[in-house]
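Chemist: This is a predicted model, with the sequence first.
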Amino acid sequence: MNRAVPTQAVPEFHTVAALIEARALVMHFQPIVSLADGQLHGHEALVRPTAGPWPHPDALFAAARSEGVSIELELACLRAALVSWSRQRPAGKLFVNLSAAALTQLLELQDPQRLMEVVRSRGVTPSALVIEITEHEHVRDVERLQHAVLWLRRHGVGIALDDFGDGRSSLRLWSELKPEIVKIDKYFTREVARNGDKLQTLRALMHIAETFGSALVAEGIETDEDLRVVRDLGIGLGQGYGLGRPQAALAQAPLPGALAVLTSREVAVLPQRRRAANHGGLTAAKLCRPLPPVSSAITHDEVFARFQADPALHAIAVVEDERPVALLNRQQFIHAYAQPYFRELYARRPATMHGNTSPLCVDIHTGIAELTSVLTSADQRYLTEGFIVTEGGRYRGLGTGDQLVRAVTEARIEAARHANPLTFLPGNIPISDHIDRLLDGGCEFAACYADLNHFKPFNDQYGYWRGDEMIRMVAQVITAHADPQRDFVGHVGGDDFIVVFQSADWLQRCEAIVAEFNLRARDLFDAEALAAGGLHAEDRHGVMRFHPCTTLCIGAVPVQPGDYRRSDGVANAAAAAKRAAKHEGHGVQVLGAQRAG
């Protein structure tokens, strides 16, 4: 008769204090990986409550706070991490979390030299230990913490700030402690491949890290797409489930899929911001001319004399107690002043009688995007009269409609260089940046230039609104056939598009794009044009002739490492391929690269 072998029961602990007393804490380790080469930089020690009524670490620490043993739990985790780490004799660094309170108590209330003895007795060199400071918002005495950090540094222990950007982090603490490492909260890393705002935040943090001399760890990396973007940004270290999960046994390498991404020469397609930026902080202050105002007692004759004395003066503001009450426009005022009997009737009377008593007033801090609404408002007087610029309701100066139109136009042109306002696809600058990154990385890719055949007759016949619909259709079809993680789709302007393929099947994708667009574009023509196969319309020389229905053509240039040095050479070659496609009438025309262009 076989007898069951009794299993050793895991003791249950009902208080955190008892768990600490029994030294029954279980530690797992999550790898921290160098994103430049895929090598392991170290591991973070994470407690896992397996012997008590605590389902996860947060519950364990909440219970410790209620029992008043939070600091004791943190120090116990440190000891347990050192014990478990030393048994496995790993390479790299050991990262351990400690709050500022636990760290200062450890070094003030206990014998600090004993900490180093404990570290060395476990076979861990102090230079292999990194203390991650948590709970930044609870640091009330930064000076005490600085003393503790200085003592650790003297013994070779590294310092890191944990979860920077989670709402508790302090830029001041980063500046004052100047930690060797700062770990970026997972919020900014998660789905960064699809979020241009998060990408810009990571870039800003990289600039701060360079200023303070800190290395960055991007936490929360879970997908290959996010990993590729973070790697290409140049962030040095990464951590997350996509690189390796916490486990009792120390990982010897990142997960195979992550290692394949890190060693690949494929370049990430960086996400673009979908909304316009604030145009470098451009506000109404740029449009403000600090012209002296007048009081409401000024007469028509006095206003006329001012306009006569200054031919460049487009308007005069009427102000009482620093508050604008009316605007006298030059053109309108002089037109009224020239009327028969005007001077006899009104010369010595207040000029506000012929002014706009409800002028447009714009605060000096108003952004250019908000000012754009003036151009589309139902009341267009502001374009000819100009407007008053105020600050807190007080008069500061005048602006003109011409200035406003010029500033908005310049802002839109600059924005279009980054993102086309019709399709929201990246414009010329992001296109060039992406191609340059591919060239710098020695990547193989195909640069494809898409353009419409016989678009002008269509646009002239049906109007710009349907023309815009056709251009948006081009963007939709191209985007649908491109791999968003490998293929970059840009809108140069008008009906010109650039697609930079890293997908190996780029030629088949191009052919599918042309076929689908040519089929769908027919829905935009009326029945008469479809029956005739096209339109009778003037060509670019004003000659009436027949034009076939609009189709799409693509010129493509395969690029190998070393073919080109700069993005403009690639763009020129793609444009030449597009011209060949239009000339030959082919849907897709492939040309060879021009070496070292």
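Modeler: In hand now; what should we look at? Treat the numbers as computed from the prediction; the structure is a model and nothing was measured.
Chemist: where exactly do the strands run in the stretch 351-500 of the chain?
Modeler: In chain order, the stretch 351-500 of the chain shows strands spanning 361-363, 387-391, 394-399, 445-453, 488-493, 496-501, with DSSP state E, counting those that start in this stretch as the criterion.
Chemist: Please name whichever of these is nearest to residue 218.
Modeler: strand 488-493 (22.2 Å; CB to CB). Every C-beta, even on glycine, is put in place using the N, C-alpha and C of the backbone.
Chemist: Next, the angle from the closest one to strand 445-453.
Modeler: Direction vectors for strand 488-493 and strand 445-453, defined by axes from the mean of the first three to the mean of the last three CA atoms, to 10 degrees, enclose an angle of 40 degrees.
Chemist: so where's the stretch 451-597 of the chain uncertain?
Modeler: Scanning the stretch 451-597 of the chain with the threshold set as pLDDT under 70 gives 593-597.
Chemist: one step back: can you lay out the strands of the stretch 351-500 of the chain as CSV showing distance to residue 521 and mean neighbour count?
Modeler: Putting the strands of the stretch 351-500 of the chain into CSV (distance: least, CB to CB, whole Å; neighbours: other CB atoms under 10 Å) gives the following:
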stretch, distance to residue 521, mean neighbour count
strand 361-363, 44, 17
strand 387-391, 44, 23
strand 394-399, 44, 22
strand 445-453, 9, 25
strand 488-493, 17, 22
strand 496-501, 14, 25
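Chemist: nearest to residue 183, of those?
Modeler: Distances from residue 183 to each of these were compared using CB to CB; the minimum, 30.2 Å, belongs to strand 488-493.
Chemist: Give me the contact list for that closest one.
Modeler: The contact list for strand 488-493, computed with CB atoms under 8 Å, 6 or more residues apart in numbering, reads 269, 416, 420, 422-423, 425-428, 430-431, 434, 475, 478-479, 482, 497-500.
Chemist: how far is it from where the chain is centred?
Modeler: In this view, strand 488-493 has its centroid 18 Å away from the chain centroid, taken as CA atoms, centre = their mean, to the nearest Å.
Chemist: Tell me which strands it pairs with, and in which orientation.
Modeler: Using DSSP bridges, the neighbouring strands of strand 488-493 in the sheet come out as strand 496-501 (antiparallel).
Chemist: I'd like the next helix or strand past the partner strand.
Modeler: Secondary structure here is assigned by DSSP states H and E; on that basis, the next helix or strand after strand 496-501 toward the C-terminus is helix 506-521.
Chemist: Tell me the buried residues in stretch 540-558?
Modeler: Going by neighbour count (16 or more other CB atoms under 10 Å), the buried part of stretch 540-558 is 547, 549, 550, 551, 552, 553, 554, 555, 556, 557, 558.
Chemist: can you list these in a markdown table and add distance to residue 249 and secondary structure?
Modeler: Converted to a markdown table, these look like this (distance: CB to CB, whole Å; DSSP: H, G, I helix; E, B strand; the rest coil):
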| residue | distance to residue 249 | secondary structure |
| --- | --- | --- |
| 547 | 70 | strand |
| 549 | 65 | coil |
| 550 | 62 | coil |
| 551 | 60 | strand |
| 552 | 55 | strand |
| 553 | 58 | strand |
| 554 | 52 | strand |
| 555 | 54 | strand |
| 556 | 49 | strand |
| 557 | 50 | strand |
| 558 | 46 | strand |
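Chemist: The stretch 351-500 of the chain: helices as residue ranges?
Modeler: Shown for the stretch 351-500 of the chain, the helices assigned by DSSP state H, counting those that start in this stretch span residues 368-375, 381-385, 401-418, 428-440, 455-462, 464-481.
Chemist: Endpoints of stretch 248-267, how far apart?
Modeler: Using CA to CA, to the nearest Å, one end of stretch 248-267 lies 34 Å from the other.
Chemist: rewinding a little: what's the ChimeraX line that selects buried ones from the contacts of strand 488-493?
Modeler: Of those, the buried ones go into a single ChimeraX selection, burial set by 16+ other CB under 10 Å:
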select :269,416,420,423,425,426,427,428,430,431,434,475,478,479,482,497,498,499,500
